[in-house]
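Novice: With the sequence up front, the predicted model follows.
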Amino acid sequence: MKEQFQGFVHFVRTQGVVGLAVGLILGGAVTNLVGSIIKNLINPLLGLVLGQAKDLADASFHILNANISYGQFILDFINFVVIAIVVYFGVKQLGLDKLDKPKQ
């Protein structure tokens, strides 16, 4: 049993599982924050600019009997881009990109 525990501890240390867990927790927090910024600030402003007075997520157009909703897609795309930028610069600024380099 002790060997298995030591093997597990070695696995956690060498595979960066703790760093992965921290990254997932921080990623979730960043996702919530960016989602709130998009929903509460960017969405209403883009809605006004694009002529959708209520909510950009409701923006759509009709072709025959089909309703094409493009507003939520735009918001999801903006959300993805902002999160990707925050994660990229966060990793670079904190030097986390150097942690996963193979040891030689």
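Specialist: That came through, no problem.
Novice: Using CSV, list the CA coordinates for the lowest-mean-pLDDT helix or strand in the chain.
Specialist: One helix or strand of the chain scores below all others by mean pLDDT, DSSP states H and E: helix 2-15, with a mean of 73. Output of helix 2-15 as CSV, limited to C-alpha atoms (Å, rounded to 0.1, in the frame of the first residue of the first chain):
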residue,chain,number,x,y,z
LYS,A,2,2.8,2.4,0.9
GLU,A,3,4.5,1.7,-2.5
GLN,A,4,1.2,2.6,-4.3
PHE,A,5,0.9,5.8,-2.4
GLN,A,6,4.5,6.8,-3.2
GLY,A,7,3.9,5.9,-6.8
PHE,A,8,0.9,8.2,-6.8
VAL,A,9,2.8,11.0,-5.2
HIS,A,10,5.6,10.6,-7.8
PHE,A,11,3.0,10.7,-10.6
VAL,A,12,1.5,13.9,-9.3
ARG,A,13,4.9,15.5,-9.0
THR,A,14,6.2,14.5,-12.4
GLN,A,15,3.0,14.9,-14.4
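Novice: Would you state the strands of this protein in chain order?
Specialist: All strands of the chain, identified by DSSP state E, fall at 60-63, 66-69.
Novice: Out of those, flag the one nearest Ile25.
Specialist: Nearest to Ile25 among these is strand 66-69; the distance by C-beta to C-beta comes to 32.6 Å. Every residue, glycine included, has its C-beta placed from N, CA and C.
Novice: Paired strands for the closest one, with orientation please.
Specialist: Taking DSSP bridges as the criterion, strand 66-69 forms sheet pairs with strand 60-63 (antiparallel).
Novice: need the strands of the chain in a markdown table with mean neighbour count, can you?
Specialist: Formatted as a markdown table, the strands of the chain follow (neighbours: other C-beta atoms under 10 Å):
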| stretch | mean neighbour count |
| --- | --- |
| strand 60-63 | 9 |
| strand 66-69 | 9 |
